[in-house]
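1. Sequence and predicted structure below; questions after.
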Amino acid sequence: MEIIKTLTHNNSISAYAYGGSTRSIQQCKKTMVARELIITFDSGEAMLQEDVRLATGEDINWWAEVSDEIPKDKYVICQDGIYIWKEIREWDGEDFDVVDMRFEKIS
């Protein structure tokens with residue numbers, strides 16, 4: 001695939017996940033499943049963990065909802081493919097509003 005030829009050390013980064021345990025939480029008479037997961041892009045930090053794995057696209061999209069540290073300018077290498085940050089904006093007559101943002105799989 002053509003995109004693979006453009007990946008370099010400078011424009012790509014691997015996403016690692018560890019933790020991943022779940023627990024049930026009772027709130028307002030409903031049971032919710034809480035997920036404990038840590039995402040890092042630092043391979044040194046990742047290798048210090050016992051249960052580290054390459055993150056999935058689902059992992060990094062979940063993480064992007066709760067984090068401000070999003071690698072918007074890099075290809076993100078995950079166990080299920082390569083992802084890139086995508087923001088969809090719409091013009092409201094005065095300014096552009098972000099209507100959607102996520103990591104999108106490109107390969």
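-> Here it is on my side, so go on.
2. Let me know the helix or strand that the residue sitting furthest away from the middle of the chain is in.
-> What lies farthest from the middle of the chain is Gly93; by C-alpha atoms, centre = their mean that is 31.5 Å. Gly93 is part of no helix or strand when elements are defined by DSSP states H and E.
3. How confident was the prediction at it?
-> Gly93 carries a pLDDT score of 84 in this model.
4. if I look at Asp59, how far off is Leu48?
-> Counting by C-beta to C-beta, to the nearest Å, the gap from Asp59 to Leu48 is 19 Å. Where C-beta positions appear, they are placed from N, C-alpha and C, glycine not excepted.
5. Neighbour count: the two, which is higher?
-> Asp59 (23 against 10; other C-beta atoms under 10 Å).
6. buried set for the lengthiest helix in the chain?
-> If you go by DSSP state H, the chain has its longest helix at helix 57-66. Neighbour-count burial for helix 57-66 flags 57, 59-64 (criterion: 16 or more other C-beta atoms under 10 Å).
7. And for stretch 79-96?
-> Burial within stretch 79-96, assessed by neighbour count using 16+ other C-beta under 10 Å, is assigned to 82-85.
8. just to confirm, which helix or strand has Leu37 in it?
-> Using DSSP H and E, the element containing Leu37 is strand 30-40.
9. partner strands of that strand, parallel or antiparallel?
-> According to DSSP bridges, strand 30-40 forms sheet pairs with strand 16-27 (antiparallel).
10. Gly44 - that's part of a helix, no?
-> Yes - under DSSP: H, G, I helix; E, B strand; the rest coil, Gly44 falls within a helix.
11. pLDDT value on it, please?
-> pLDDT, Gly44: 95.
12. Then the one 4 residues further on?
-> Here, the pLDDT recorded for Leu48 equals 93.
13. ok, now how distant is Asn11 from Val52?
-> 23 Å.
14. Comparing these two, which shows the higher neighbour count?
-> The neighbour count for Asn11 versus Val52, taken as other C-beta under 10 Å, is higher for Val52 (17 against 10).
15. Isn't that one up against Tyr16?
-> Yes - the pair Val52 / Tyr16 is scored as a contact, 5.4 Å apart, by C-beta atoms under 8 Å.
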